[in-house]
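[1] Sharing a model prediction with you, sequence too.
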Amino acid sequence: MSSTHDVFNQPPVLAGYDVAEDPTMLDALRREGGGWAEADIRELGCLAGSARAQEWGRQANEHPPVLRTHDRFGHRIDEVEFHPAWHSLMAVAVGHGLHATPWRDQRPGAHVARAAGFYVWGASDAGHCCPVSMTYAIVPALRHAPELAGRFEPLLAARDYDFGLRPPGTKRGLLAGMSMTEKQGGSDVRANTTRAVPAGDSSYLLTGHKWFTSAPMGDLFMVLAQAPGGLSCFLLPRVRPDGSLNGMRLQRLKDKLGNRSNASAEVEYDEAAAWLVGEEGRGVRTIIEMVNMTRLDCVLGTATGMRTGISLAAHHAAHRVTFGRKLADQPLMANVLADLAIESEAATMVAFRLAGATDRAARGDEQEAAFRRLALAATKYWVCKRAPAHAAEALECLGGNGYVEESGMPRLYREAPLASIWEGSGNVAALDALRALTRQPETAEVFFAELDQAAGADRRLDQAVARLRKEISDPAEERARYLAEAMTLTLQGALLVRHGHPAVADAFIASRLGDDAAGFSGPWGWGRAYGTLPSGTDTVSIVGRATPEIRP
């Protein structure tokens, strides 16, 4: 073959590395009480970084699920068919307890350990994390119906991936989904028109149309419907206890921008049997506990995507030579990479602080529950909102190579907007933070108590906290996004100052929180393109932390 076909100045394939070799995540895992799981997380990280797991992720996305509404004889079956790679991904996730297992684990830090596993394994493929997340999130809502929780919670927490349409009580393990959104209402779930009629045997019959149902291949679904007493929450089995298919008709699978490996469906309910969860008329209050748990996973999943993006970009730049030296050594590229790495570390830091708050709140800590109430809403808004720009910049670091599907960057980019939309889009999350500020003043008290733990460590952070105290005195609805952004940036700064690498913390404070940061005016400093860090930033230390090491 002609020498023109020699391949050189290209990076080696990024495979055979430990995704869990992430100092920010590992420090947070130990700090938040889940250090006892580190060996398991590292084992999962090596698998996530292997060529085998990456191939599973590629295949699951290149061969998306297919809906089979009828069998060859014309019988309605409503089955979703998946590529074998999907089942391999799911088997690992469930086998490592990344779903509802922490709810049955009495060890402090169980939810943090699960968050670390979710964060690490999500690097293999984001789509299959959806049913895993739904199964994790359904438990606190289901506990509003103790009899149902007693029956199904052990199976939801079981480490057996048992795919297939069979009565839930006959399976080794269960997966859950959620069905809230209707075409006329979207986030305004009180506009739902699905009706729930008492069947006379403690069950209800649901009839209506759901515009977006997550994980339609699951076994159990949390559904909102209008009962005689108002909008209520129900648990709906995919298969009735007698083995017959429930009246849940999958009309079509959604053709989504990203998240291709995962199925999302439009569903018709035709007198589908379901059980009431909580009280009639309190459906939103009941299901919001499931929503809040999935919001935590939105933040975790976004942090995973950011870490994956900077890992791919830093790996490429560490091996690519341009203009006589490594791309990573070019000052402007080093600035871009460092900025992406800072964003990634800040997202990971706050995600694990929220995982720790979730763990302690689940064990009865009311202060942590109040902190989580406000901080999660604000963080879900800001961190998830940063994902598309982060993915786009990471892709650009690879140039034209990044624009090619084989690089993995296009899949990461298509996935990036998802977390900001699901479980309350940007406006919904920002308004939820505002609602917590105005209706539950104790959430602001514990939030500022968290910030005050970093008082005196950095003058610029102290000034940002003082500014924030003044800003929240004007909680006007049109300022909800501004306040959510300000709260999250200040919280991230405080966490980095207390627990982060000094170079990362200094660069974050200087660029995101300092007065006239990066040479620009504005109350919260930096906020434009990545790669605008101030001169003097220790880019070598910051980028070095983000560059993966391939092991022989």
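    Okay, I see it. All values reported here derive from a predicted model rather than from experimental measurement.

[2] what kind of secondary structure is His144 in?
    The three-state label for His144, taken from DSSP: H, G, I helix; E, B strand; the rest coil, comes out as coil.

[3] Would you agree it is in contact with Arg285?
    No - counting by Cβ atoms under 8 Å, His144 stays clear of Arg285, with 9.0 Å between them. Backbone N, C-alpha and C define where each C-beta goes, glycine included.

[4] more neighbours, these two?
    In this view His144 and Arg285 are compared by other Cβ atoms under 10 Å, and His144 has more residues nearby, 19 against 14.

[5] quick one: contacts for that one?
    His144 makes contact with Cys233, Val277, Gly278, Thr286, Glu289, according to Cβ atoms under 8 Å, 6 or more residues apart in numbering.

[6] again, only this time at 7 Å
    Shown in contact with His144 (Cβ atoms under 7 Å, 6 or more residues apart in numbering): Val277, Gly278, Thr286.

[7] same thing with Glu471?
    Taking Cβ under 7 Å, 6+ apart, we find Glu471 in contact with Leu483, Ala486.

[8] Distance-wise, check it relative to Val291.
    For Glu471, the distance to Val291 equals 27 Å [Cβ to Cβ, to the nearest Å].

[9] How about Gly57?
    27 Å.

[10] And the helices in the stretch 301-450 of the chain?
    Using DSSP state H, counting those that start in this stretch, the helices assigned to the stretch 301-450 of the chain run over residues 331-362, 366-397, 409-415, 418-421, 426-439, 441-452.

[11] what's the most buried one of those helices?
    Neighbour counts (mean count of other Cβ atoms under 10 Å) averaged over each of the helices of the stretch 301-450 of the chain peak at helix 331-362, with a mean of 25.

[12] Tell me which other helices or strands that helix touches.
    helix 23-31, helix 110-121, helix 283-319, helix 366-397, helix 480-499, helix 502-508, helix 539-546 (3 or more Cβ pairs under 7 Å, 6 or more residues apart in numbering; DSSP states H and E).

[13] Could you identify which of those is most buried?
    Greatest average neighbour count among those goes to helix 110-121 (a mean of 29), per mean count of other Cβ under 10 Å.

[14] quick one: average pLDDT of it?
    What helix 110-121 shows for mean pLDDT is 98.

[15] now the angle between helix 283-319 and that helix, please.
    Here helix 110-121 points in a direction 50 degrees away from that of helix 283-319 (axes from the mean of the first three to the mean of the last three Cα atoms, to 10 degrees).

[16] which intervals of the protein have sub-threshold pLDDT?
    Where the chain drops to pLDDT under 70, the residues are 1-2, 515-527, 552.

[17] In it, where's the longest strand?
    In the chain, assigned by DSSP state E, the strand with the most residues is strand 264-277.

[18] what lines up beside it in the sheet?
    Taking DSSP bridges as the criterion, strand 264-277 sits next to strand 203-214 (antiparallel), strand 230-237 (antiparallel), strand 248-253 (antiparallel) in its sheet.

[19] Residues in contact with it: which ones?
    Here strand 264-277 makes contact (Cβ under 7 Å, 6+ apart) with 141-142, 144-145, 148, 179, 194, 199, 203-214, 216, 223, 232-236, 240, 246-254, 256, 286.

[20] Buried residues, it. List them.
    Across strand 264-277, burial judged by 16 or more other Cβ atoms under 10 Å covers Ser264, Ala265, Glu266, Val267, Tyr269, Ala272, Ala273, Ala274, Trp275, Leu276, Val277.

[21] if we take those, which one ends up nearest to Tyr530?
    Nearest to Tyr530, judged by Cβ to Cβ, of the buried residues of strand 264-277 is Ser264 at 30.6 Å.

[22] Find the centremost residue of the chain, please.
    Taking Cα atoms, centre = their mean, the centroid of the chain lies closest to Cys298, which sits 2.3 Å from it.

[23] Verify the contact between it and Lys380 for me.
    Yes - between Cys298 and Lys380 there is a contact under Cβ atoms under 7 Å: 5.7 Å.

[24] any idea which helix or strand carries Gly33?
    Gly33 is part of no helix or strand, with elements assigned from DSSP states H and E.

[25] Would you quantify the distance from Arg460 to Tyr413?
    Applying Cβ to Cβ, the value for Arg460 to Tyr413 is 33 Å.

[26] what's the answer for Thr379, then?
    Distance, Thr379 to Tyr413, by Cβ to Cβ: 22 Å.

[27] same question, Glu477
    The gap separating Glu477 from Tyr413 is 32 Å, by Cβ to Cβ.

[28] ditto for Tyr204
    Tyr204 sits 42 Å away from Tyr413 when distances are taken as Cβ to Cβ.

[29] again with Ser244
    From Ser244 across to Tyr413, the span is 43 Å (Cβ to Cβ).

[30] now Val239
    Using Cβ to Cβ, Val239 is found at 38 Å from Tyr413.

[31] what comes up buried for stretch 241-252?
    Those would be Leu245, Asn246, Gly247, Met248, Arg249, Leu250, for stretch 241-252 by 16+ other Cβ under 10 Å.

[32] Is the closest residue in space to the second one that isn't next to it in sequence bridged to anything, and to what?
    Distances taken as Cβ to Cβ, 6 or more residues apart in numbering put Ala272 closest to Asn246, at 4.9 Å, once the chain neighbours are dropped. On DSSP bridges, the residues paired with Ala272 through beta bridges are Leu206.

[33] who's in contact with Arg104?
    Residues near Arg104 by Cβ under 7 Å, 6+ apart: Pro154, Ala157.

[34] Tell me, how many residues neighbour the closest residue to Met333 other than its chain neighbours?
    Sequence neighbours aside, Leu327 is the residue nearest to Met333 in space, at 5.4 Å (criterion: Cβ to Cβ, 6+ apart). Per other Cβ under 10 Å, the neighbour tally for Leu327 reads 23.

[35] Export only the CA atoms of stretch 483-500, formatted as PDB.
    The C-alpha trace of stretch 483-500 is given here as PDB (Å, rounded to 0.1, in the frame of the first residue of the first chain):
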ATOM      1  CA  LEU A 483     -31.000  33.600  40.800                       C
ATOM      2  CA  ALA A 484     -30.700  29.900  40.100                       C
ATOM      3  CA  GLU A 485     -27.500  30.500  38.200                       C
ATOM      4  CA  ALA A 486     -26.100  32.800  40.900                       C
ATOM      5  CA  MET A 487     -26.900  30.300  43.700                       C
ATOM      6  CA  THR A 488     -25.400  27.300  41.900                       C
ATOM      7  CA  LEU A 489     -22.200  29.200  40.900                       C
ATOM      8  CA  THR A 490     -21.700  30.400  44.500                       C
ATOM      9  CA  LEU A 491     -22.300  26.900  45.900                       C
ATOM     10  CA  GLN A 492     -19.900  25.400  43.500                       C
ATOM     11  CA  GLY A 493     -17.300  28.000  44.400                       C
ATOM     12  CA  ALA A 494     -17.800  27.300  48.100                       C
ATOM     13  CA  LEU A 495     -17.400  23.500  47.600                       C
ATOM     14  CA  LEU A 496     -14.300  23.900  45.500                       C
ATOM     15  CA  VAL A 497     -12.700  26.300  48.000                       C
ATOM     16  CA  ARG A 498     -13.300  23.800  50.800                       C
ATOM     17  CA  HIS A 499     -12.600  20.500  49.100                       C
ATOM     18  CA  GLY A 500     -11.200  21.100  45.600                       C
END
